[in-house]
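Novice: Structure for the following, please:
(one chain, ligands or ions: 1)
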Amino acid sequence: MTGRPEGAAVTSELGRLIAHRIALTGPIPIADFMAEALGHPRLGYYRRAMPLGTQGDFTTAPEISQMFGELLGAWLAERWQAMGRPSPARLVELGPGRGTLMADALRATRSVPGFHAALDLHLVDTSTPLRAAQQAALATFMPAWHERLDDVPAGPLLLIANEFFDALPVRQFHKTAQGWRERMVGLGPDGALRLALAPGPTPFAAALPEAPAGAEAELSEAGRTLAGAIGARLRRDGGWALIVDYGHDRLSFGTSLQAVRDHRGAGILDRPGETDLSAHVDFAALATAAAVPAFGPVGQGRFLRRLGIEERARALKRQASAEQASAIDAALARLIAPDQMGTLFRVLALGDDRSAPPAGFSNTPSDAT
Ligand SMILES: C[S@@+](CC[C@H](N)C(=O)[O-])C[C@H]1O[C@@H](n2cnc3c(N)ncnc32)[C@H](O)[C@@H]1O
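Specialist: Numbers count the residues shown, from 1 in each chain. Sure thing, here's the model as predicted:
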């Protein structure tokens, strides 16, 4: 192994397990490290900790304002009507966090005739503490929980995923004078976890574009596989999926994998299991893998404005105190301003019908920002 000397002393229990595995069988791809760090059955970050909110490591759009879930709920209800009001319809959320988005979506749509009666709620989440929070938020809708999308029964689909794909493992590559080499996690002479390039060629080279020496790239097989599975269900059973996340509209060079602990940046090898890891989503790769009609990606700010977030904010402020009104304004800006979440966060719709763009999307090439 050759490459960058980045490393982290092994201080967490999961770090010791990973180091032991590497000592026995050799360096592992960053994607394997990420899968263990987030998903290890006992010690993985999403298995054991409450990651969201002020007590956790980060916050998300539905935790910022009820408006986010309400508008996504209206989008889902409109798509259900456009599908011909199927019953049952499988309402699926991937990675529902504390259940806040879904609770807001369902509260906002309770007066849509027949909608709730047709819904069958399925939550795909591996986190024990977050499942408990989802149960508390959504008990009246009697959700079923699953470890994987494959376990959700067949049927017309309404799927939503906010900040889910960014948690799926990515591989990283570096272009050397000899070609693309995968970045691996190995051990330094001091026993610390350490990033280094694999010495030989990678079988993923064919999936990576032409680039000059020194270029970096990232690729998420797990994201592509899941998008492919969503597309297959949409082709078979009909329906729509809405994916919201930070990322880019097409493959871009560079790496984005980042680590966050206590609302601050951390090293990616630092304290696995106690640190959140996430990477920017390659939306073009998801749309290609899904192989169904795709709309967007469009910036979250533009999408939410088209769904009427400014009118919703005004309506909420009419019943608010001055203090509440300024909190609503601050939340609105956070969700839609281009220098906050409005442009970095992208929204992609996948569906079974290309005849007309769903609410929030347009067919024009200038839709992107
Ligand atoms: C960043 S949180 C987003 C939560 C929520 N969507 C929101 O916007 O507040 C990621 C969610 O995905 C779940 N998750 C992460 N990786 C997962 C995986 N591989 N399989 C199932 N759920 C996963 C986590 O437990 C958590 O609920």
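
Novice: Could you list the residues of the stretch 51-200 of the chain in contact with the ligand?
Specialist: 52, 60, 62-63, 95-97, 101, 124-127, 130, 162-164, 167 (CB under 6 Å from any ligand atom). From N, CA and C alone the C-beta is placed, and that goes for glycine too.

Novice: In strands only, show me those residues.
Specialist: Taking DSSP state E, the ones among these that sit in strands are 124, 162.

Novice: Where helices are concerned, which of the residues of the stretch 51-200 of the chain next to the ligand count?
Specialist: Under the assignment DSSP state H, those contribute 62, 63, 101, 130 to helices.

Novice: Of all those, the one with the weakest confidence?
Specialist: Within these, pLDDT reaches its minimum at residue 130, with 91.

Novice: Who are the packing partners of the strand or helix carrying residue 232?
Specialist: Per DSSP states H and E: residue 232 is located in helix 221-237. Packed against helix 221-237 by the contact rule (3 or more CB pairs under 8 Å, 6 or more residues apart in numbering; DSSP states H and E) you find helix 30-39, strand 157-162, strand 239-248, helix 283-290, strand 345-351.

Novice: Mind doing that once more with 6 Å?
Specialist: With contacts taken as 3 or more CB pairs under 6 Å, 6 or more residues apart in numbering; DSSP states H and E, helix 221-237 sits against helix 283-290.

Novice: Run the chain-centre distance for the helix it packs on.
Specialist: In this view, helix 283-290 has its centroid 14 Å away from the chain centroid, taken as CA atoms, centre = their mean, to the nearest Å.

Novice: Following the chain past it, name the next helix or strand.
Specialist: Next along the chain after helix 283-290, taking DSSP H and E as the criterion, comes strand 294-299.

Novice: now the angle from that following strand to strand 345-351?
Specialist: Strand 294-299 and strand 345-351 meet at an angle of 170 degrees, taking axes from the mean of the first three to the mean of the last three CA atoms, to 10 degrees as the criterion.

Novice: List the contacts of strand 294-299.
Specialist: Residues outside strand 294-299 that contact it (CB atoms under 6 Å, 6 or more residues apart in numbering): 249, 283, 287, 342-343, 346-350, 357, 361, 367, 369.

Novice: which one of the residues you listed is nearest residue 145?
Specialist: When the contacts of strand 294-299 are compared for distance to residue 145 (CB to CB), residue 350 comes out closest, at 23.1 Å.

Novice: Just confirm the closest one contacts residue 290, I think it does.
Specialist: Yes - the pair residue 350 and residue 290 qualifies as a contact (CB atoms under 6 Å) at a distance of 4.9 Å.

Novice: ok so, going back, now the ones in helices among the residues of the stretch 51-200 of the chain next to the ligand in JSON lines, with neighbour count?
Specialist: Shown next, in JSON lines, are those (neighbours: other CB atoms under 10 Å):
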{"residue": "62", "neighbour count": "27"}
{"residue": "63", "neighbour count": "19"}
{"residue": "101", "neighbour count": "28"}
{"residue": "130", "neighbour count": "23"}
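
Novice: residue in the stretch 101-250 of the chain nearest to the ligand?
Specialist: Of all residues in the stretch 101-250 of the chain, residue 127 sits closest to the ligand, at 3.3 Å by CB to the nearest ligand atom.
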